[in-house]
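1. Kindly return the folded structure for what I paste below:
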Amino acid sequence: MTAPRATPTFSFPARLLLLCVCLLNSGAHTEVRAQSTAPQQTLALASADTSRGIELYQQGNLPEAIKLLKKASKDHPTDTVAWQFLGLALSQKGDTKGARKALEKAINLRFFGLVRVLDTLIFQSNKYEDLSVPEREAFRQELVRRYQAAFESVDAYLQLKPKDTGFWRAQRDELSFYADNTNKPLAEATVFHAGDVTKRAIILRKPEPEFTEEARAHDTQGTIIVRMILAADGTVQHVLVLRALPDGLTENALKAARMIKFQPAIRDGHSVSSVVTIEYGFHIY
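-> As a prediction, the model looks like this:
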């Protein structure tokens, strides 16, 4: 996915809007909303092989659909729609193993896209409060679109009854929550971004998750990213895993996240719920 070219004269808000436009349009076949019955605008935005593969899938021609969608995913490894429809086609054909692999790839790409959008504003710039109302709305709608796309990929994956069904069902439910809440007008919101509050939530205690022996044995390292609600009543709610690690590390990160202690954000003199994104690093020294 090609990032927009920045020039020294672009303000941060301008760069954000350019990024949103870029993410919506460049390489659109990798990020258009994929579902079992694709609308015409999806077919128009998809790559030629992906578009034709979707049409064949909808017509019930699974062998030819799979052939084209495999080609599309090989030629464009980040083509999320190709991976998702390949998974759907393989599932209908009865190839559960192949379907699971393709849908797992689609899910990974969806969550990578979510992290990338959040990263532009939260981890690097932290400038949401500097955006105008239309600019904030553009950012929020981009998040909504990506939450919905990730929801669809996870929902399709759940149809295959994976071993970790409980985890993925929870992920699906949280994606639905975040999409619905982010899509609300600010006047109706019950959960706010940091820039929409008078005083941000203050984290008082952030327990570090424990490393597991299994992770040490497998030399598993990396960063887990979670998105959560620091609720007005002082509880941690709606924990969504944006980037996971195996060998029990994600489970330990979730446990640690739910033990966070904080002072809720303030808006118009009242405690309110706010959304935050937190990283947990696991490294072997």
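
2. contacting residues for the closest residue to residue 211 other than its chain neighbours?
-> Using C-beta to C-beta, 6 or more residues apart in numbering and skipping residues adjacent in sequence, the residue nearest residue 211 is residue 282, 6.2 Å away. (Glycine included, C-beta is placed from N, CA and C.) Shown in contact with residue 282 (C-beta atoms under 8 Å, 6 or more residues apart in numbering): 209, 211, 215, 220-224, 245, 249.

3. mind checking how far residue 282 is from residue 129?
-> Using C-beta to C-beta, to the nearest Å, residue 282 is found at 31 Å from residue 129.

4. can you pull the buried residues of the longest strand seen in the chain?
-> In the chain, taking DSSP state E as the definition, the longest strand is strand 270-282. Neighbour-count burial for strand 270-282 flags 271-278, 280, 282 (criterion: 16 or more other C-beta atoms under 10 Å).

5. picking up where we left off before, filter the contacts of residue 282 down to the buried ones.
-> Applying 16+ other C-beta under 10 Å to those, the neighbour count classes 209, 211, 215, 220, 224, 245, 249 as buried.

6. Which members of the residues you listed are the farthest-apart pair?
-> Greatest spatial distance in the buried ones among the contacts of residue 282: 209 and 220, 12.8 Å, computed using C-beta to C-beta.

7. Which residues are in contact with each of the two?
-> Here residue 209 and residue 220 share the contacting residues 249, 282, scored by C-beta under 8 Å, 6+ apart.

8. I'd like the buried residues of strand 270-282 as JSON lines, with distance to residue 119 appended.
-> Listed next are these as JSON lines, based on distance: C-beta to C-beta, whole Å:
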{"residue": "271", "distance to residue 119": "28"}
{"residue": "272", "distance to residue 119": "25"}
{"residue": "273", "distance to residue 119": "23"}
{"residue": "274", "distance to residue 119": "19"}
{"residue": "275", "distance to residue 119": "15"}
{"residue": "276", "distance to residue 119": "14"}
{"residue": "277", "distance to residue 119": "9"}
{"residue": "278", "distance to residue 119": "13"}
{"residue": "280", "distance to residue 119": "16"}
{"residue": "282", "distance to residue 119": "19"}
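
9. shouldn't residue 96 be in contact with residue 159?
-> No. Here residue 96 lies out of contact with residue 159, judged by C-beta atoms under 8 Å, at a distance of 10.0 Å.

10. Where does residue 137 sit: helix, strand or coil?
-> helix (DSSP: H, G, I helix; E, B strand; the rest coil).
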